[in-house]
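1. only geometry, no sequence info:
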């Protein structure tokens, strides 16, 4: 089965949305703010951290395992439901932004890109999607984060702002390829988004862009420095399109535990490439060792939505390829496929 996610932007964090009865995101009434003036607690820093006396070992060190289980575990799971309004059946629809200025495949004005992305977002919302995520997937070939120019960050910010303006209450996230996690945080902060998808959070791997090293410490310090602690960081582990030979002695469950220890807000498990289903065994192994939301990041289709054993252990899914004409990520969104999928997914939403 699937499970729930996300909230609203920093500017609106004092009035978090709550889910009305019935299908999510199907109209203006799908989300509504809490009572005017009501302040929802910010769970980005759990009170257990501030009252961790009694969770010390005999050597005086903090017993992090018990700290997670005693207090933070609940907070680190609850943000997921508070943001999306469901425990099960959450679906994040991918908005694959057309190639941006300066990239080899760029062939549209920024205004045309914004119009296209907003149109696809509109179709997703009408079909009842639970959340959205923007990604510059058409910017092939991808480059290392230090080589990404300001034109990419500013363009993604402009597109994200347009989508957020049109849909102020639906959960929205962003990913900037490749592994441009700081840039994604900056975009999310400027556009009032709710989460990012981060690559290379813990352990190194070899992607088709080259070596990518762990970024957790640097990324979360940057998040604190820019005042973006309210923006959640969902992190890929043993990510697709990558070789993990250099960490072949580290299992996916150990990787998951390390990501949790390094303060990930949620984990994403994928297959070997875009559109390839994640291993049900991987999902189960990760679910059993962490107290974090676990999201399936590839290969979910209407055919395996109910049948896959992975769905019993995951908390949500990100769907891109299956929503496109012919099931290929490069094509336009096929709203009939989205509607069919969401009609099935809504039966899992609780």
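-> Yep, that arrived. Just so you know, these numbers come straight off a predicted model, no measurement behind them.
2. all strands for the stretch 151-300 of the chain, in order.
-> Assigned by DSSP state E, counting those that start in this stretch, the strands in the stretch 151-300 of the chain fall at 172-175, 195-198, 205-207, 210-212, 232-236, 242-243, 266-269, 294-296.
3. Give the buried residues for stretch 155-173.
-> Neighbour counts using 16 or more other CB atoms under 10 Å place 155-164, 167, 169-173 of stretch 155-173 among the buried residues. Quick note: C-beta positions are derived from backbone N, CA and C, even for glycine.
4. brain fart, stretch 110-125
-> Buried, per 16+ other CB under 10 Å, within stretch 110-125: 110, 113, 114, 116, 117, 118, 120, 121, 123, 124, 125.
5. try stretch 213-221
-> 214, 215, 216, 219, 220.
6. Same question for stretch 137-152.
-> In terms of neighbour count (16+ other CB under 10 Å), stretch 137-152 has its buried residues at 137, 138, 139, 142, 143, 145, 148, 152.
7. Could you list every helix and strand in contact with the helix or strand hosting residue 318?
-> Secondary structure from DSSP states H and E places residue 318 in strand 316-319. On a contact count with 3 or more CB pairs under 8 Å, 6 or more residues apart in numbering; DSSP states H and E, strand 316-319 meets strand 91-96, strand 294-296.
8. I'd like to know which of the buried residues of stretch 155-173 is nearest to residue 334.
-> Residue 334 has its nearest neighbour among the buried residues of stretch 155-173 in residue 163, at 19.3 Å by CB to CB.
9. I figured the closest one was touching residue 132, is that so?
-> Yes - when contacts are counted by CB atoms under 8 Å, residue 163 is listed as touching residue 132 (6.8 Å).
10. Common neighbours of these two, please.
-> The contact sets of residue 163 and residue 132 overlap at 95, 121, 172 (CB atoms under 8 Å, 6 or more residues apart in numbering).
11. list the contacts for the residue lying closest to the first one once chain neighbours are set aside?
-> Read that as residue 95. If the residues on either side of it in the chain are set aside, residue 95 comes closest to residue 134, at 4.7 Å by CB to CB, 6 or more residues apart in numbering. Residue 134 makes contact with 95, 97, 117, 156, 159, 160, 163, 172, 173, 174, 175, according to CB under 8 Å, 6+ apart.
12. Wait, the fifth one touches residue 117, no?
-> Yes - at 5.4 Å, residue 159 and residue 117 qualify as touching, with contact defined as CB under 8 Å.
13. shared neighbours, the two?
-> By CB under 8 Å, 6+ apart, residue 159 and residue 117 have these common neighbours: 97, 134.
14. quick revisit: what's the first helix or strand after the strand holding residue 318?
-> By DSSP H and E, the next helix or strand past strand 316-319 is helix 335-345.
15. What are the buried residues along that following helix?
-> 337, 338, 339, 341, 342, 345.
16. Would you check how far apart the first one and residue 301 are?
-> In this structure, residue 337 and residue 301 are separated by 9 Å, where distance is defined by CB to CB, to the nearest Å.
17. Could you do the fourth one as well?
-> Taking CB to CB as the criterion, residue 341 is separated from residue 301 by 8 Å.
18. Now do the shared contacts for these two.
-> residue 322.
19. For the stretch 51-200 of the chain, which segments count as helices?
-> Assigned by DSSP state H, counting those that start in this stretch, the stretch 51-200 of the chain shows helices spanning 64-67, 73-84, 110-126, 150-166, 181-191.
20. can you put those in TSV and add distance to residue 293?
-> As requested, the helices of the stretch 51-200 of the chain are arranged in TSV below (distance: least, CB to CB, whole Å):
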stretch	distance to residue 293
helix 64-67	19
helix 73-84	4
helix 110-126	21
helix 150-166	22
helix 181-191	17
